[in-house]
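Okay, here's the prediction I keep looking at, along with the sequence it came from:
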Amino acid sequence: MSKEVLFKIKVVIFIVFLVFLDLYSKHIALNNLEYGNLNETFFPLVNFLLIYNSGIAFGIFDDKGIYASYFLLVITLLISIYLIWLIYNEENFKKKIALSFVTGGAFGNILDRLNDGKVTDFLHLEIMNFSFFVFNLADLFITIGAILIIYFEIIYKPKND
């Protein structure tokens, strides 16, 4: 088996691992948190708050009905398919990893939304009593991937580019 094929298999395993980690964390949140009740601090600035988001990031399009939620599901699925194509065609190792973070997060939220049209969010970012947003691990993976993509595309340029 060639190095390239082996690496592609590792990327797929990494994406599956991210999806599993996200779905497992949502399962734990659903079984241990009460909807809408703010719980103890998990990490500095982050505490637990179980909510459901039928929209997209930061609650945009939330509560617009089940058809809007499933429309978002289809759009996200199409974007994820495009991300897989990008990963497959990307030659730079670091960019493949960044795209894999975004793809793993996207599929985690897709699988969660398939069940009832909503995504489970449970990590609440609060700084000095100001509530920023509630998110999940999939959202975190997407954010990490996006930051890495921006870094590799704009800030860090390999010597051979």
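Structure's in. What do you need?

would you list every one of the strands in this structure?
38-43, 46-53, 119-127, 130-135 (DSSP state E).

List the buried residues for the second one?
Which is strand 46-53. Neighbour counts using 16 or more other C-beta atoms under 10 Å place 47-53 of strand 46-53 among the buried residues. Every C-beta, even on glycine, is put in place using the N, C-alpha and C of the backbone.

Dump the residues you listed into JSON lines; add distance to Asn129 and pLDDT as well.
JSON lines is the format used below for the buried residues of strand 46-53 (distance: C-beta to C-beta, whole Å; pLDDT from 0 to 100):
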{"residue": "Asn47", "distance to Asn129": "12", "pLDDT": "90"}
{"residue": "Phe48", "distance to Asn129": "17", "pLDDT": "92"}
{"residue": "Leu49", "distance to Asn129": "14", "pLDDT": "92"}
{"residue": "Leu50", "distance to Asn129": "20", "pLDDT": "95"}
{"residue": "Ile51", "distance to Asn129": "18", "pLDDT": "92"}
{"residue": "Tyr52", "distance to Asn129": "24", "pLDDT": "91"}
{"residue": "Asn53", "distance to Asn129": "22", "pLDDT": "85"}
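
Okay, Ile9 and Met1: tell me how far apart.
Using C-beta to C-beta, to the nearest Å, one gets 8 Å for the distance from Ile9 to Met1.

if we can go back for a sec, where among the strands of the chain is average confidence lowest?
In terms of average pLDDT, strand 38-43 trails the rest of the strands of the chain, at a mean of 75.

Run the angle between that one and strand 130-135 for me.
90 degrees (axes from the mean of the first three to the mean of the last three C-alpha atoms, to 10 degrees).

Mind giving me the packing neighbours of strand 38-43?
Using 3 or more C-beta pairs under 8 Å, 6 or more residues apart in numbering; DSSP states H and E, the elements in contact with strand 38-43 are strand 46-53.
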